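J.: test case, fold it:
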Amino acid sequence: MKKFEIILLFITLLFVGCVTDHKEYSIEEFMNTKAYGGSSFSYDEKTLLIRSDQTGINNAFEISLDSFDITQLTFSDSNNIYPISYFPKDNRFLFRSDQGGNEISHIYVNNLDGTVVDLTPGQKARSAFLKWSDDKEKFFFMSNKRNPKFMDLYQMDIISFNSKLIFKNDEAMSEFNMHISRDEKYVALTREYNRDNSDIFFYDIKNNELQKVLYDANDVNHHPTGFSLDSKSIYFLTDLNSEFNYLKKYNIESKQVELVQQENWDILNSYFSENGTYRISTINEDSQIKIKIFDIKNNKMLMLPNLNNGFISSVNISDSESKLSFYHGGARSPNDLYFKKIKGGKVQKLTNSMNLLINKKDLGEAKVIRFSSFDGLEIPAVYYKPPNATSTNKMPALVRVHGGPGGQARVRYSASTQYLVNHGYAILDINNRGSSGYGKTFQTLDDQAHSKGDLDDCLAAIDWLKEQEHIDGEKIGIIGGSYGGYMVMAAMTFRPEAFDVGVNIYGVTNWVRTLKSIPPWWEAARGLLYKELGNPFTQEDYLYSISPLFHAENIRKPVLILQGANDPRVLQVESDEMVEAIKKQNVPVEYVIFPDEGHGFRKKKNQITSNETILVFLDKYLKNGNSQ
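T.: Prediction:
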């Protein structure tokens with residue numbers, strides 16, 4: 001045997017060894033990864049209140065900051081529990097929970113003896129915690145118990161648990177942007193006329209007066225982030241003369257506005273620690289979260305710990321401003337909670353979310369890439385390459401479309417994504433035109449033009465995938481949930497030959513019905529939806545034209561549909577009708593309904609079923625080439 005042949009044989013054997021060394025994991029192994037969230041310091045700052053799904057469903061847990069032991073506090077086996085906060089002066093805590101994913105959340109108190117009381121009862125009354133009062137004797141919350149369409153502002157005394165109406169929200173102000181000054185004189189509110197135009201109002205609590213304070217004639221957004229500690233100013237985000245949101249401050253008395261912080265990307269939020277020593281800003285930087293902490297008193301930045309293989313996604317500073325907790329994770333590592341003293345002290349990892357049986361080398365690292373669409377527009381995307389994919393070991397691929405509309409694909413750990421990547425599917429998670437995070441112009445490009453340019457971006461993603469030498473260009477599917485599920489069905493109906501399979505996860509298929517049946521508490525967002533998608537009462541013909549249900553005769557390729565029975569956004573009847581329409585075309589269609597889920601599958605048993613169903617479907621119709 002010649003020398004070059006020996007070398008070639010050695011390289012081949014080495015390569016084969018690397019490929020066979022790749023291990024595939026079961027969905028149960030992936031679901032043994034725990035998800036953690038939240039972090040509320042107790043009044044004495046000796047414990048942290050968090051949530052975890054390690055029991056198969058989200059429950060409340062407590063972490064000791066002395067021993068670092070984790071103790072389970074709630075024991076639900078049916079409805080998810082999301083802790084809100086400890087009480088200001090004892091270890092009772094508030095949490096929210098709904099019924100089977102119906103999104104009608106109530107606020108509960110978990111007492112020291114473990115008993116639970118629903119503080120906001122009512123079968124159709126939806127409530128959301130806002131904040132504790134400055135005197136720590138009450139909390140503010142929002143509820144639509146007076147009128148299903150409007151989220152009013154209430155305060156609740158924590159001795160008697162009697163509530164008092166503060167503001168009747170008959171103007172349909174946004175529930176996501178209510179802020180109360182510390183002196184409890186003003187409520188800052190946002191009126192969102194559409195996605196590109198919003199104004200800030202002040203409600204004078206004592207005088208019962210509502211006044212517009214920050215607005216512009218052109219399409220400009222203003223969103224308050226919170227009052228200053230002395231209640232004399234309001235901090236707010238705006239995109240005035242900018243593609244991205246930046247931070248300003250408005251002096252209530254002088255009416256003067258000054259610039260506070262501007263980045264090259266959207267600032268998502270900015271808030272102060274309890275005593276105003278620190279201001280924390282969250283920035284959406286090219287599909288990743290970046291945190292900046294400003295030490296106001298010393299006029300410098302507070303440097304966060306530099307951890308490998310990921311990024312810090314959220315930060316919480318204790319009321320004493322001496323302790324810090326934060327979450328850190330990456331594409332191949334789920335978020336874990338960390339703790340440290342701000343001045344000195346080592347970083348302490350408090351949770352271990354990853355299943356230790358899973359080796360990260362068998363997962364796909366995320367890479368932010370860009371490709372050109374049909375008209376030359378640059379489309380950002382997050383790419384997950386199977387680690388064992390090579391030019392001689394080509395893999396099928398999936399184009400994934402995020403939810404929304406107006407959502408964003410970001411770098412993050414997803415068990416669903418890594419399960420598919422680990423089993424030999426490359427995933428290109430695209431930010432098609434209309435996605436957020438890349439400027440307000442980019443986000444408007446699909447307004448009332450859905451299944452047009454945004455869908456062509458998905459087809460351009462196919463071209464990019466085919467250029468990758470490790471991709472089997474004859475085996476490319478599309479997958480997505482919610483709005484992404486709509487895009488799946490749009491591809492199946494309006495571009496029926498483009499993709500080999502489609503996986504629709506609770507996706508919209510009839511925009512007329514969906515927009516007419518939005519949950520009543522979405523009233524404040526009605527203008528946003530209509531500007532983006534169309535008015536179902538005046539543009540019915542247009543909405544029929546972009547609804548896949550009415551074009552099902554075009555479907556040629558296999559489809560999988562997953563649906564929650566309690567979904568208040570995309571009703572089950574949508575998926576029922578879509579499945580029946582596909583069956584009439586004699587096209588393979590599979591359908592799974594989860595009776596105890598809503599818009600998103602929260603229970604591990606259902607996540608196991610849904611992900612396993614998706615893989616079996618893809619293996620049958622995409623990897624093994626049984627599509628029509």
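
J.: what helices and strands are in contact with the top strand by length along the chain?
T.: Looking across the chain with DSSP state E, the single longest strand is strand 471-481. Judged by 3 or more CB pairs under 8 Å, 6 or more residues apart in numbering; DSSP states H and E, strand 471-481 is in contact with strand 395-401, helix 453-466, helix 483-494, strand 502-505. For the C-beta atoms, the positions are set from N, CA and C on the backbone; glycine is no exception.

J.: out of the ones you listed, deepest packed?
T.: Each of these was scored by mean neighbour count; the highest is strand 502-505, a mean of 30, by mean count of other CB atoms under 10 Å.

J.: what element comes up after it heading to the C-terminus?
T.: helix 511-516 (DSSP states H and E).

J.: just confirm I312 is within a helix.
T.: No: I312 is assigned strand when assessed by DSSP: H, G, I helix; E, B strand; the rest coil, not a helix.

J.: just checking, it touches I293?
T.: No: I312 is beyond contact range of I293, at 10.0 Å (criterion: CB atoms under 8 Å).

J.: any common contacting residues for those two?
T.: Here I312 and I293 have L304 as joint contacts, going by CB atoms under 8 Å, 6 or more residues apart in numbering.

J.: buried residues in the helix or strand hosting G38?
T.: For G38, the host element (DSSP H and E) is strand 36-41. For strand 36-41, the neighbour count (16 or more other CB atoms under 10 Å) marks Y36, G38, S39, S40, F41 as buried.

J.: what sits against A409?
T.: Contacts of A409 by CB under 8 Å, 6+ apart are S287, A381, V382, R400, H402, D429, I430, N431, S435.

J.: show me those that map onto strands.
T.: A381, V382, R400, D429, I430.

J.: select from the residues you listed the one having the most neighbours.
T.: I430 (30 neighbours; other CB atoms under 10 Å).

J.: correct me if wrong: it contacts A381.
T.: Yes: I430 lies in contact with A381 (CB under 8 Å); the separation is 4.2 Å.

J.: buried stuff in the longest strand of the chain?
T.: I471, D472, K475, I476, G477, I478, I479, G480, G481.

J.: returning to that earlier point: which of the contacts of A409 sit farthest apart?
T.: S287 and R400 (13.2 Å; CB to CB).

J.: on that earlier part again, could you point out which of the helices and strands packed on strand 471-481 sits nearest L533?
T.: helix 483-494 (9.6 Å).

J.: now the closest one: average pLDDT?
T.: The average pLDDT for helix 483-494 rounds to 98.

J.: okay, the angle between it and strand 471-481?
T.: 120 degrees (axes from the mean of the first three to the mean of the last three CA atoms, to 10 degrees).

J.: do a quick rundown of the strands in the stretch 1-150 of the chain.
T.: 36-41, 47-52, 59-64, 70-72, 82-86, 93-97, 106-110, 116-118, 127-132, 138-143 (DSSP state E, counting those that start in this stretch).

J.: just send those back as TSV, with distance to K394 and mean pLDDT too.
T.: Output for these, formatted as TSV (distance: least, CB to CB, whole Å; pLDDT from 0 to 100):
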stretch	distance to K394	mean pLDDT
strand 36-41	37	96
strand 47-52	39	98
strand 59-64	43	98
strand 70-72	44	97
strand 82-86	43	98
strand 93-97	46	98
strand 106-110	51	98
strand 116-118	54	97
strand 127-132	48	96
strand 138-143	52	97
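
J.: so can I have TSV of those showing distance to N335?
T.: Listed next are the strands of the stretch 1-150 of the chain as TSV, based on distance: least, CB to CB, whole Å:
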stretch	distance to N335
strand 36-41	6
strand 47-52	11
strand 59-64	14
strand 70-72	15
strand 82-86	15
strand 93-97	20
strand 106-110	24
strand 116-118	27
strand 127-132	22
strand 138-143	27
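
J.: out of those strands, nearest to S414?
T.: When those are compared by CB to CB, strand 36-41 sits nearest S414, at 14.6 Å.

J.: and the closest one with strand 59-64, angle?
T.: Using the same axes, to 10 degrees: strand 36-41 against strand 59-64 is 50 degrees.

J.: parallel or antiparallel, list what pairs with strand 36-41.
T.: Strands that pair with strand 36-41, judged by DSSP bridges, come out as strand 47-52 (antiparallel).

J.: buried ones in stretch 573-585?
T.: E574, S575, E577, M578, V579, A581, I582, Q585.

J.: for stretch 44-61, same thing?
T.: Within stretch 44-61, judged by 16+ other CB under 10 Å, the buried ones are 47-54, 57-61.

J.: show me what the host helix or strand of I234 is packed up against.
T.: Using DSSP H and E, I234 sits in strand 233-238. In this structure, strand 233-238 makes packing contacts with strand 197-204, strand 209-214, strand 222-227, strand 246-251, strand 266-272, judged by 3+ CB pairs under 8 Å, 6+ apart.
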